[in-house]
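1. structure of the sequence below:
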Amino acid sequence: MQYAQLEGLFDASSASPTSSVLPDPSRVAGSETRMGDSLMILVAGPYRSGTNDDPALIEANVAAMTQAALDLFRLGHLPVMGEWFALPLIEAAGSTGIGDDVFSEIFHPIAERVLARCDACLRIGGQSQGADRMVEVARSLGKTVFHDIAAIPTAS
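-> Model (predicted):
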């Protein structure tokens, strides 16, 4: 909140405790980032949802998120996926399988940390509690949430 006030993104004097305070849509994050600039965008989509932990179906979910990341890159943005950060750490930490304690310790928490550094979130795919959680976190941080890549402008 203090950062937002310092950067001119939030005026505490005009906010009431019940008002919804949203950032100016032309200013996604920080004082220099505007919607035409290159954005760091977290791709949030199903990972395990609907797979019954079948590796081939999980791989298909990751492929869909990776394709969205490539599309974002080609629009001039910096795409990121929580999986890119989480999976190597989960392996290094000695996970014995999807959903074990090590997996749970790292998978969503690291995605939330990455999201805190992003300008926006792109939600793709079907039902997913984890992806929906990323959208909730993005909104709570004042990030822009896109549900359609066509709505994301090409970076200038």
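
2. pLDDT score for residue 107?
-> Model confidence at residue 107, expressed as pLDDT, equals 97.

3. pretty sure it sits against residue 90.
-> Yes - under the criterion of CB atoms under 8 Å, residue 107 lies in contact with residue 90, with a separation of 6.6 Å. For glycine as for every other residue, the C-beta is placed from the backbone atoms N, C-alpha and C.

4. can you point out the buried residues in stretch 81-95?
-> Of the residues in stretch 81-95, those buried by neighbour count under the rule 16 or more other CB atoms under 10 Å are 81-87, 90, 95.

5. return it as PDB; C-alpha atoms alone will do.
-> Below are the C-alpha coordinates for stretch 81-95, written out as PDB (Å, rounded to 0.1, in the frame of the first residue of the first chain):
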ATOM      1  CA  MET A  81       5.000 -20.100 -15.400                       C
ATOM      2  CA  GLY A  82       5.100 -21.200 -11.800                       C
ATOM      3  CA  GLU A  83       5.900 -24.700 -13.000                       C
ATOM      4  CA  TRP A  84       9.200 -23.400 -14.400                       C
ATOM      5  CA  PHE A  85      10.300 -22.400 -10.900                       C
ATOM      6  CA  ALA A  86       8.500 -25.000  -8.800                       C
ATOM      7  CA  LEU A  87       9.200 -28.300 -10.500                       C
ATOM      8  CA  PRO A  88      13.100 -28.200 -10.400                       C
ATOM      9  CA  LEU A  89      12.900 -27.200  -6.700                       C
ATOM     10  CA  ILE A  90      10.400 -29.900  -5.900                       C
ATOM     11  CA  GLU A  91      12.700 -32.500  -7.500                       C
ATOM     12  CA  ALA A  92      15.800 -31.100  -5.700                       C
ATOM     13  CA  ALA A  93      13.900 -31.100  -2.400                       C
ATOM     14  CA  GLY A  94      13.300 -34.900  -2.700                       C
ATOM     15  CA  SER A  95       9.600 -35.100  -3.600                       C
END
